[in-house]
Every structure is written in structure tokens, then in C-alpha cells.
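Asker: Got a predicted model here, sequence first, then my questions.
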Amino acid sequence: MSESPFRGVIPPVIIPLNEKRQLDLEALDRSVNRMIDAGVDGLFFLGSSGEVAFLTDAQRFHVLQEAVSIVNGRVPVMAGIIDMETMRVVDQAKRAAGFGVDALVATAPFYALGGPKETERHFRAIREHTDLPLFAYDLPVCVHTKLDPSMLVRLGEDGVIQGVKDSSGDDVSFRWLILENEAVGHPLQLLTGHEVCVDGAYLAGADGSVPGLANIDPYSYVEQWRAAQAGNWERVKELQDHLARLMWVTRHVKATVGFGAGVGAFKTALWQMGVFNTNQMREPVAPLTGEDVDHIVEILVAEGMLEK
């Protein structure tokens, strides 16, 4: 599986908006090219960091159309097809495929909640409607279903899914997933969604990472991956310590919580760094202001991402 194109650093792309909450193509082009120039191995559009839950279908497909055009085949493009129920996800898959993406990423369904049988059937049904590589997105904090490692490996062995993006924060479960995947020949590419514990995931055997923080500092994540591949674990830890401190941009936001504090802090950092033109958020989330912006600037300066 080392020949899979879906390994290494694959940032979930944060989507810039103008003051009217419309897609800022100039900033998107600048941000995407900055990450590609830094050496990222792929890009994931329409994930949580891309505010997929806040987008209409038309807005989703606009993002994909522009994303594929900007990337222009330089790295693989993964597209989130996240929706409430199976046939809505299938519809997202068919439309995403039409834009020329390289892989699809789907969560468990999240409205009419079912059990393990329904979750497994969900992924098998998606596979029946697409030939593209399919990644299961483990995101229990948002979809309220934790994907079972044994089920995921079974789906991998059957060719239903080709990988997992693990954003569960459950390091024990992820370690078991890695072990079960290795035991049957590594049918799945396993990507951690961590920003702060990527070093541990690599040491355990992860095939890569999908860190939102890589929008801000893609260079350190790329260097960390390469250091891990070279077995330079001292450098891997050194870079992770820097990235963990940089992640503090999200820690002390006072104005809001959730996406507003997390993605809102990332957008604010990119805005202050001159990558984005604004830190505007999707409705109903307000952009960060005042002392929250000041705190983020302090962290950026301290970690060498912004000059005083």
C-alpha cells in the first residue's frame, strides 16, 4: 500500500470568504498554491475544516469546481460527500465524481441514527454507486456514531473502502485499527485527523495526516512526515512540539465555541498572515474580533509564523 497516492500530509482545506460570505477565489488560489508549494501530498475539500455542514449543494459544487481547477492535477483531491442519509450521500458522490476528484470521504449517516448494521450497509451502498476510492470519516463528535475498527477493516478487505480519516480523537481505537489493518495485509490507508498528536500516530504506523493546522503551517507538517519516513523521531517530536504550541490559537477563544473557535481561529490566523483577505465565517457563525484576534497574533508571532 506504500504506492497509494493517499498518504503523507493531506490538509483539509479551509475555504476563504469575502465580506459578503461569498467564495474568495483569489485567497483560495493563494492558499492552495501555498500548501502545494510547501510539498503537501494531497488536499481534502469539503471536510469539517471546509465548513461543509454550512454549505448548500450549489456552494459545495462551486468549491469542488474551483478546487479541481486550481489544483490542476498536481496532487490528489479528496472530496467530502457528507450528508444526513445514504442516498443523499450517493447523490453527493455522483456529482463530486463529475468534477474529477480523485477520492471520496464519507461519514456515517447522522439524522435517523441506526446501529452497526445500518452503518456498515451505508458504506456498502455508497460503493455500489461509485468506482472512486472511498474513505470512511470517523467523526463521532459531529455524527454521533463511532466507527468500529473491526468493521472498517472488514470493509477494507471487501474492497468497499480504501482508507479511513480518523478524527475521533480516540487514540486507543486508532491504535487497534492500525493493528487489525496490519494483521490482514494493510488494505486500508489510515490517516489521522489530529493536529497535536501526529507524531504518536506516525510512530504507531499511520499512513499520513489530515491536519487543519497545516493550512497555517504546511511546511512543518511536510517536514515532520519526511522526518518520520527517515526514522528521525527526535525531529518529528521537535516539530510536533512547535505545532502543538501553534494549535493554541484555538485554545482561549472567548467569543464563541465549536466551529467559531476552531475554524474561526484558523481563518483569523490566515487573515493576519496575509493568506486570506478576511476571517469571515458562514452563517450563523460570526468572525472573531478584538482580544481573540490579539491572542491569535501573539501565538503566531511566538511560533515564528508572523513578524511583530
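Answerer: Arrived safely, thanks for sending. Numbers count the residues shown, from 1 in each chain.
Asker: so residue 62 touches residue 22, yeah?
Answerer: No - applying CB atoms under 8 Å as the test, residue 62 and residue 22 come out as separate, 9.6 Å apart. Placement of C-beta: from N, CA and C, glycine included.
Asker: Neighbour count: the two, which is higher?
Answerer: Between residue 62 and residue 22, counted using other CB atoms under 10 Å, the more crowded position is residue 62 (15 against 11).
Asker: what's downstream of the helix or strand hosting the more buried one, the next helix or strand?
Answerer: In this assignment (DSSP states H and E), residue 62 forms part of helix 57-71. Counting by DSSP H and E, the next helix or strand C-terminal to helix 57-71 is strand 77-80.
Asker: and that next one, which strands flank it?
Answerer: Note on strand 77-80: by DSSP bridges, its sheet partners are strand 43-45 (parallel), strand 103-106 (parallel).
Asker: list the buried ones in stretch 142-152?
Answerer: Neighbour counts over stretch 142-152 (16 or more other CB atoms under 10 Å) mark 142, 143, 145, 147, 148, 149, 151, 152 as buried.
Asker: just stretch 34-53 next, same as before
Answerer: 34-36, 38-52.
Asker: quick revisit: need the strands paired with strand 77-80 in CSV (columns: mean pLDDT).
Answerer: Formatted as CSV, those follow (pLDDT from 0 to 100):
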stretch, mean pLDDT
strand 43-45, 98
strand 103-106, 98
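Asker: low-scoring stretches of the protein, by residue?
Answerer: 1-2 (pLDDT under 70).
Asker: Now do the strands in it.
Answerer: Using DSSP state E, the strands of the chain run over 8-9, 43-45, 77-80, 103-106, 134-138, 163-166, 189-192, 208-209.
Asker: Throw the ones you listed into CSV and include distance to residue 280, thanks.
Answerer: Output for the strands of the chain, formatted as CSV (distance: least, CB to CB, whole Å):
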stretch, distance to residue 280
strand 8-9, 26
strand 43-45, 18
strand 77-80, 21
strand 103-106, 25
strand 134-138, 25
strand 163-166, 26
strand 189-192, 29
strand 208-209, 27
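Asker: Tell me the buried residues in stretch 163-172?
Answerer: For stretch 163-172, burial by neighbour count (16+ other CB under 10 Å) applies to 163, 164, 165, 166, 167, 168, 169, 170.
Asker: circling back to that earlier point, quick one: which of the buried residues of stretch 142-152 is nearest residue 199?
Answerer: Of all the buried residues of stretch 142-152, residue 149 has the smallest distance to residue 199: 21.1 Å, by CB to CB.
Asker: mind listing what the nearest residue to that closest one once chain neighbours are set aside touches?
Answerer: Nearest non-adjacent residue to residue 149, counting by CB to CB, 6 or more residues apart in numbering: residue 177, 3.9 Å away. By CB atoms under 8 Å, 6 or more residues apart in numbering, the contact set of residue 177 is 149, 152, 153, 164, 166, 188, 190.
Asker: now, which of those residues sits nearest residue 242?
Answerer: Nearest to residue 242 among the contacts of residue 177, with distances taken as CB to CB, is residue 166, at 22.7 Å.
Asker: For that closest one, name its beta-bridge partners.
Answerer: With DSSP bridges as the rule, residue 166 is bridged to residue 138, residue 192.
Asker: State whether it and residue 188 are indeed in contact, as I suppose.
Answerer: No - under the criterion of CB under 8 Å, residue 166 is not in contact with residue 188, lying 10.4 Å apart.
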